[in-house]
Every structure is written in structure tokens, then in C-alpha cells.
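In: coordinates for the following, if possible.
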Amino acid sequence: MEFITDRLILRPWKMEDAEDLYMYAKDPKVGLIAGWNPHTSIENSLEIIKTVFNADETYAICLKENNKPIGCVGLMIGKESSFDLPNTQAELGYWLGVPFWGHGITTEASKEIVRHGFEDLKLDKIWCGYFDENTQSKRVQEKCGFKYQYTNENIYWEMTGQTHTEHIYCLTKEDWLMNK
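Out: Down below sits the predicted model:
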């Protein structure tokens, strides 16, 4: 499945995307604030495409002009999420390469995936979280209509070996319908 927005193509990841993925995912400013370690090589990025980004509802964020990935957006439905959710709910996740920060790209991609989640997948709630130090992610969630729910303080994040305070937001289908 592929989605088209004003500026973007959201599409499944391909093996040949590994070099482009590595170019942005090796930057520690990207992964660490999203809860994963920077990629160490093109081979590492290829392995991530094969083992993580091949999941259902995970999409490369690509600019229309060249269809090359500059980030990732997706929904982790039910038990696939890091929250304990029923299959009628999902967790939204995203990241974007640093050169593209501050242009509304993540918000544009996230709004389309949220639409897909509610309209096509018939979800009733979508959850999303961000770490204290990731104010950009907080802004994306607020622009998409998510509302604050609770905070988890001093959570050890095994993947990176870091401790974070995580803020959890939620968007219900009803709220989304009222504001779309």
C-alpha cells in the first residue's frame, strides 16, 4: 500500500533503500531521542529494513520529487505496540532525517497515517509517546490533535541503555473526526 500527500509518498521499505536509510539513521540526533541506537553501517540499515521495517503498516517517508526515504512512519497495532493495547488501537511511531526537520513533513506524514488508521483500519484510538528531550515530537503530536494522558518517569530504555521520562498522548477516533 502507498499513500500520497501534498509533498510526500509513504510507501513500504525496499532493500535498495538501505543506503538512503543509513545516511539519516546514522545520526545520533535522530535515533537516540526516538529510542533506538544510530545505525552503524549500510548493512546494519539493510538488516533493519529486513527485520523491523518490513512490519505491516510501516512506511518510508519519501519526498515526491525523488521517492527516496528521508524518514519513517507507522502504526504498531495491538500487541505489536510498546503499550498493552487491544487490536482496535495502535501506537504511532515516526522519525525524520535532520536536514528535513522544521518543515512540517513529519506532521504531514503522521496525519495521513492517522487517517489511514481510523478510516481504513477502523481503529478507535491511536497512542503516541515522546521523551522529555524530544520537543519536536511533542509538537507533531499536538498538531495532529493528540491529547496528553500520562507520564512515565525514569523509564530504562533497554535498546539504548538510557533512562528517559516519557509522555504519553492519545487521539480517539471521535476527536479526530471532530477536528479533521
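In: find the nearest non-adjacent residue to the most centrally placed residue in the chain, please.
Out: A centroid search over the chain (C-alpha atoms, centre = their mean) returns Y94, at 1.6 Å, as the residue closest to the centre. With sequence-adjacent residues excluded and distances taken as C-beta to C-beta, 6 or more residues apart in numbering, Y94 is closest to V73, at 4.3 Å. Heads up, the C-betas are built off the backbone N, CA and C, glycines and all.
In: would the one you found count as being in a strand?
Out: Yes - the assignment for V73 (DSSP: H, G, I helix; E, B strand; the rest coil) places it in a strand.
In: circling back: assess the claim that the residue nearest to the centre of the chain and I70 are in contact.
Out: No - the criterion here is C-beta atoms under 8 Å, and Y94 misses it with I70 at 11.5 Å.
In: who touches both of those two?
Out: Both Y94 and I70 are contacted by I61, under the criterion C-beta atoms under 8 Å, 6 or more residues apart in numbering.
In: need the three-state assignment for the residue nearest to the centre of the chain.
Out: strand.
In: and it, what does it touch?
Out: Residues near Y94 by C-beta under 8 Å, 6+ apart: I61, G71, C72, V73, G74, T106, A109, S110, S137, V140.
In: do that again at 10 Å, thanks
Out: By C-beta atoms under 10 Å, 6 or more residues apart in numbering, the contact list for Y94 reads 34, 59, 61, 71-74, 105-107, 109-110, 113, 128, 137, 140-141.
In: kindly report the same for I70.
Out: Contacts of I70 (C-beta under 10 Å, 6+ apart): 8, 20-21, 23-24, 60-63, 95-100, 105, 109.
In: follow-up on the earlier one: and the residue nearest to Y94, how far is that from K138?
Out: Distance of V73 to K138, computed by C-beta to C-beta, to the nearest Å: 16 Å.
In: looking at these two, which is more packed in?
Out: Each of V73 and K138 has its neighbours counted (other C-beta atoms under 10 Å); V73 has more, 26 against 18.
In: beta-bridge partners for the residue nearest to Y94, please?
Out: Y59, Y94 (DSSP bridges).
In: on that earlier part again, how near is the residue nearest to the centre of the chain to W176?
Out: Applying C-beta to C-beta, the value for Y94 to W176 is 17 Å.
In: cool, thanks, talk later.
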